[in-house]
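K.L.:
Fold the following.
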Amino acid sequence: MNKFPKHLRLPRELSAGVAALLVLVGAVMLASGNRVSASTVLPGQSVLTGNIASVPKAGETVDGKYSVIAKVSSKTELKGLGSASNMTKDTKADAHVGTGLHIDGSAPKGSAGALYTNIASLGGRSLDLAIVATDWTSDVATIQFRTASIGVDLIPVANTTIDDGAAQFKFIYLDHETHKPVEVNGYYTFNDIDWGQSIGLTSDVWSHIDHMYVPTNKTILQYLKTDAGAFVFEPESSVGTGDDDPTSQVTFLYSGITGMDMLFTSAGDARTHLGKFNTTSTVDYSKSVALGSLKDVHIRSSSAYFGYTAYKPLRTSTVPPAKTVSDSDEKKVQENTLDSADETNTWQITQVIPNEYPEFYYSEAYLTDNIDPAWTVNSLKITNENGADVTSWFNSLGAGNNYKLAATAAKLKSADFYGHTYTFTFNAKLKKGYDLSKYLVNGVYTFTNQGTFTTDTGTKPTSTVTTLLKEEQLTLHKVDDAGKALSGVKFALADTEANAKGGKYLKKDAEGNVVYPSDSNYSASLADYTGTTDASGNVTWKGLSAAKNTSHVYYYVELQTTGDHQLLTCIGSVKASADGGTTSVTNKTKVHLPDTGSAERLYLQLAALLVSMLAVTAGLGVLKIRKQQN
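P.N.:
Coordinates of the predicted model:
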């Protein structure tokens with residue numbers, strides 16, 4: 001914090017002259033190790049003039065579209081970006097720093113920085129925040145990033161002051177999994193801007209700033225606008241403030257930006273560097289350096305601190321919740337396709353609850369989600385961004401598949417509830433035997449789902465996610481006339497009765513896809529899609545297309561049976577469905593026919609029997625003629 005330590009405070013009995021002298025000395029020395037040089041305050045205007053910034057009015061809220069809010073959590077890890085040869089760590093830094101990540105001032109400009117992992121969320125996906133040092137003045141020997149909070153310290157060359165030190169940084173959000181830059185809407189609140197420190201924004205960055213807020217009309221912040229349309233924000237006088245002093249805080253609301261370039265100046269004229277420093281990052285964001293692998297070097301020095309807080313001076317209206325759907329091989333998407341009706345479908349709703357001051361706490365906060373009755377919800381779990389189970393923080397007020405999950409009154413009054421991202425996870429499967437015919441659209445079973453989230457400031461819907469089931473299945477259950485399951489019975493399947501009679505059965509290609517006679521790649525060289533009953537007497541065909549066979553009726557042909565049972569010579573029909581109903585097929589035990597083993601042998605034996613009968617008949621006829629002749 002930028003305030004004088006007790007040993008520098010003025011005794012009351014000192015004369016006015018001595019007091020004035022000590023004040024002058026105090027202006028040159030900054031406590032808490034933040035900066036120890038005199039500052040230069042530039043002539044400017046209060047940020048409350050010229051429609052630059054405003055103090056929030058009673059009841060005013062921030063639009064929930066500004067949903068990206070960086071905050072350190074237990075899942076956040078500070079890592080280095082760039083070459084490890086330009087980095088060290090400091091495990092003996094002050095408590096308010098935590099472990100420091102140090103970027104050496106000799107590193108190439110734009111080649112190094114810090115990565116704060118799992119620092120925010122967007123659309124149900126976790127975000128990282130990269131802060132790359134793209135340029136700095138020669139009196140900056142070390143750039144320090146903090147683990148205890150999002151913060152930057154400019155450390156001077158040993159035994160010197162930071163004086164007019166300045167550094168340019170690029171703030172950029174990345175998808176945690178892909179490491180790709182993400183366009184976001186959100187806010188940055190910078191605190192403790194004092195002693196002539198300043199923040200500079202180029203005209204390009206300023207074009208993405210939608211508004212600025214300061215917490216109080218007693219703000220000490222002023223602005224200067226350059227001829228190029230850039231802005232500098234700094235205190236109106238060289239005074240120190242506490243880290244959480246509202247008079248030295250400013251909140252920027254921004255939108256439609258992937259990277260934000262900011263100039264931090266310890267003192268002096270920021271316009272000297274603004275728009276002239278390098279803003280290009282050469283960092284590979286997919287490669288990071290763990291602090292544990294770095295050499296531990298302690299640096300004792302004063303520094304210029306530029307801080308960030310996740311708070312802002314007014315309430316945020318309900319942040320639009322994000323909804324995704326997942327299955328075994330598709331994760332967090334807006335549309336998925338189930339492999340079968342037996343596959344688990346997972347819906348997740350992610351809700352950001354911003355950090356709020358106590359006067360902005362909610363009186364209600366609840367999620368609603370009406371899940372279609374075709375689904376059986378097997379589990380529901382609510383977690384925060386750390387993965388901690390907080391299901392007990394919410395009361396379940398709905399019935400059946402109509403969910404209403406409301407934060408408890410106790411949690412709404414607690415600071416623990418705010419500044420978190422909550423994920424509501426529903427795992428479900430389609431109900432067995434449920435009539436899904438109304439969900440069949442153009443040969444595809446189609447299920448949609450949407451939820452809402454409500455707070456005091458209104459209700460916002462999630463996106464509508466879609467789950468598709470394009471494939472059907474069917475099962476034959478083979479038994480004998482006594483009801484005993486028969487294993488080892490082989491069947492083929494056709495999509496029409498004519499194809500079944502003609503031997504044009506369903507086939508499979510090299511990738512295992514079902515090929516229909518109507519498909520262009522249907523060929524006699526492909527293997528028939530046959531099935532053989534298992535020990536339970538069951539055989540199942542999966543991957544059947546509801547679009548290619550809109551009647552959903554298939555025809556089975558028995559190719560081979562067990563040795564002591566008759567082969568079915570008739571063609572049977574069975575209906576496929578999303579969850580694959582089971583049809584029983586009965587084989588009669590042989591009575592007088594010998595073991596056939598196959599249809600071909602059966603036909604031969606029947607022919608032989610017929611020939612024998614004809615021979616006997618002919619013999620009897622000859623015998624009768626002979627008797628008549630006698």
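K.L.:
what does stretch 293-303 contact?
P.N.:
30, 33-36, 80, 84, 87-93, 100-102, 142, 144, 153-156, 158, 161-162 (Cβ atoms under 8 Å, 6 or more residues apart in numbering). The C-beta positions use only the backbone N, C-alpha and C, and glycine is treated the same way.
K.L.:
Can I get it in CSV? Just the C-alpha atoms.
P.N.:
What follows is stretch 293-303 as a C-alpha-only set of coordinates in CSV (Å, rounded to 0.1, in the frame of the first residue of the first chain):
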residue,chain,number,x,y,z
SER,A,293,11.7,-25.2,-12.8
LEU,A,294,13.1,-21.7,-12.3
LYS,A,295,16.1,-20.6,-10.3
ASP,A,296,15.1,-18.9,-7.0
VAL,A,297,16.6,-15.4,-6.7
HIS,A,298,15.5,-12.9,-4.0
ILE,A,299,15.5,-9.2,-4.9
ARG,A,300,15.3,-6.6,-2.2
SER,A,301,14.3,-3.3,-3.9
SER,A,302,11.7,-0.7,-4.1
SER,A,303,9.3,-1.0,-7.0
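K.L.:
now it: mean pLDDT?
P.N.:
On average, the pLDDT along stretch 293-303 is 89.
K.L.:
That one: which residues count as buried?
P.N.:
Taking 16 or more other Cβ atoms under 10 Å as the neighbour-count basis, stretch 293-303 is seen to contain the buried residues Leu294, Ile299, Ser301, Ser302, Ser303.
K.L.:
The fourth one and Ala130, how far apart?
P.N.:
Distance check for Ser302 against Ala130: by Cβ to Cβ, to the nearest Å, it reads 27 Å.
K.L.:
residue contacts, Pro181?
P.N.:
By Cβ under 8 Å, 6+ apart, the contact list for Pro181 reads Ile172, Tyr173, Leu174, Thr258, Gly259, Tyr285.
K.L.:
Might you report the residue contacts of the most centrally placed residue in the chain?
P.N.:
For the chain, Arg125 is the residue whose C-alpha lies nearest the centre (Cα atoms, centre = their mean; 2.1 Å). By Cβ under 8 Å, 6+ apart, Arg125 lies in contact with Asp175, His176, Glu177, Lys332.
K.L.:
repeat for Asn521
P.N.:
Neighbour list for Asn521: Asp509, Val515 [criterion: Cβ under 8 Å, 6+ apart].
K.L.:
Kindly report the same for Val239.
P.N.:
Asp194, Trp195, Ile220.
K.L.:
I'd guessed the second one sits against Pro235; true?
P.N.:
Yes - at 7.1 Å, Trp195 and Pro235 qualify as touching, with contact defined as Cβ atoms under 8 Å.
K.L.:
Comparing the two, which residue is more hemmed in?
P.N.:
Neighbour count, other Cβ atoms under 10 Å: between Trp195 and Pro235, Trp195 has more, with 26 against 23.
K.L.:
Could you tell me the per-residue confidence at that one?
P.N.:
For Trp195, the model assigns a pLDDT of 86.
K.L.:
Ramachandran coordinates for it?
P.N.:
phi 50, psi 30 (degrees, to the nearest 10).
K.L.:
Against Leu221, how distant is it?
P.N.:
From Trp195 over to Leu221 (counting by Cβ to Cβ), the distance is 13 Å.
K.L.:
and if you look at Asn384?
P.N.:
In terms of Cβ to Cβ, Asn384 sits 34 Å off from Leu221.
K.L.:
higher neighbour count, those two?
P.N.:
When neighbours are counted by other Cβ under 10 Å, Leu221 comes out ahead of the other of Asn384 and Leu221, with 25 against 20.
K.L.:
hmm, back to that, now, which of the contacts of Arg125 lie within strands?
P.N.:
Using DSSP state E, Asp175 are the members of the contacts of Arg125 that sit in strands.
K.L.:
List only those of the contacts of Arg125 flagged as buried.
P.N.:
Asp175, His176, Lys332.
K.L.:
So if we follow the domain assignment, how does the chain break up?
P.N.:
According to automatic domain parsing, the chain comprises the domains 6-309, 321-466, 471-597, 601-630.
K.L.:
closest one to Arg315 among those domains?
P.N.:
Closest approach to Arg315 among these (Cβ to Cβ): domain 321-466, 3.8 Å.
K.L.:
From start to finish, how long is the closest one in a straight line?
P.N.:
Between the start and the finish of domain 321-466 there is a gap of 16 Å, counting by Cα to Cα, to the nearest Å.
K.L.:
And for stretch 541-551?
P.N.:
Stretch 541-551 has an end-to-end distance of 16 Å (Cα to Cα).
K.L.:
quick one: the helices in the chain?
P.N.:
16-28, 203-206, 409-412, 497-502, 599-629 (DSSP state H).
K.L.:
rank these by pLDDT, which is bottom?
P.N.:
Taking the mean pLDDT of the helices of the chain, helix 16-28 comes last: a mean of 29.
K.L.:
Can you name the residues bridging to the nearest residue to Phe447 once chain neighbours are set aside?
P.N.:
Spatially, and ignoring its direct neighbours in sequence, Phe447 is nearest to Thr467 (4.5 Å; Cβ to Cβ, 6 or more residues apart in numbering). According to DSSP bridges, the residues that bridge with Thr467 are Asn336, Phe447.
K.L.:
And Thr467, how far from Ile209?
P.N.:
For Thr467, the distance to Ile209 (Cβ to Cβ) stands at 40 Å.
K.L.:
More neighbours: the two, which one.
P.N.:
Shown here are Thr467 and Ile209; by other Cβ under 10 Å, Thr467 has more neighbours (26 against 18).
K.L.:
Quick one: residues contacting the more buried one.
P.N.:
When contacts are counted by Cβ under 8 Å, 6+ apart, Thr467 touches Val325, Asp327, Glu335, Asn336, Thr337, Leu338, Asn345, Thr446, Phe447, Thr448, Asn449.
K.L.:
go on, Glu471?
P.N.:
Asp339, Ser340, Lys542, Gly543, Leu544, Ser545, Ala546.
K.L.:
These, buried ones only, as a PyMOL selection?
P.N.:
Here is the PyMOL command that picks out the buried ones among those, judged by 16+ other Cβ under 10 Å:
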select buried, resi 340+542+543+544+545+546
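K.L.:
Now intersect the contacts of Glu471 with the strands, please.
P.N.:
Per DSSP E, the subset of the contacts of Glu471 in strands is Lys542, Gly543, Leu544, Ser545.
K.L.:
Cross-check the contact I'm expecting between the last one and Gly443.
P.N.:
What that stands for is Ser545. Yes - assessed by Cβ under 8 Å, Ser545 is found in contact with Gly443 at 7.1 Å.
K.L.:
what's the overlap in contacts for the two?
P.N.:
Contact criterion Cβ under 8 Å, 6+ apart; residues shared by Ser545 and Gly443: Lys470.
K.L.:
ends of stretch 332-349, how far apart?
P.N.:
End-to-end span of stretch 332-349 (Cα to Cα): 10 Å.
K.L.:
Over to stretch 477-493?
P.N.:
14 Å.
K.L.:
Any buried residues in it, and which?
P.N.:
Buried residues in stretch 477-493, defined by neighbour count with 16+ other Cβ under 10 Å: His477, Lys478, Val479, Asp480, Ala485, Leu486, Val489, Lys490, Phe491, Ala492, Leu493.
K.L.:
again with stretch 364-382
P.N.:
Within stretch 364-382, the residues that count as buried by 16+ other Cβ under 10 Å are Ala365, Tyr366, Leu367, Thr368, Asp369, Ile371, Ala374, Trp375, Val377, Leu380, Ile382.
K.L.:
Ok, stretch 43-63 next?
P.N.:
Applying a neighbour-count criterion of 16+ other Cβ under 10 Å, one finds Gly44, Ser46, Val47, Leu48, Ile52, Ala53, Ser54, Val55, Pro56, Val62, Asp63 buried in stretch 43-63.
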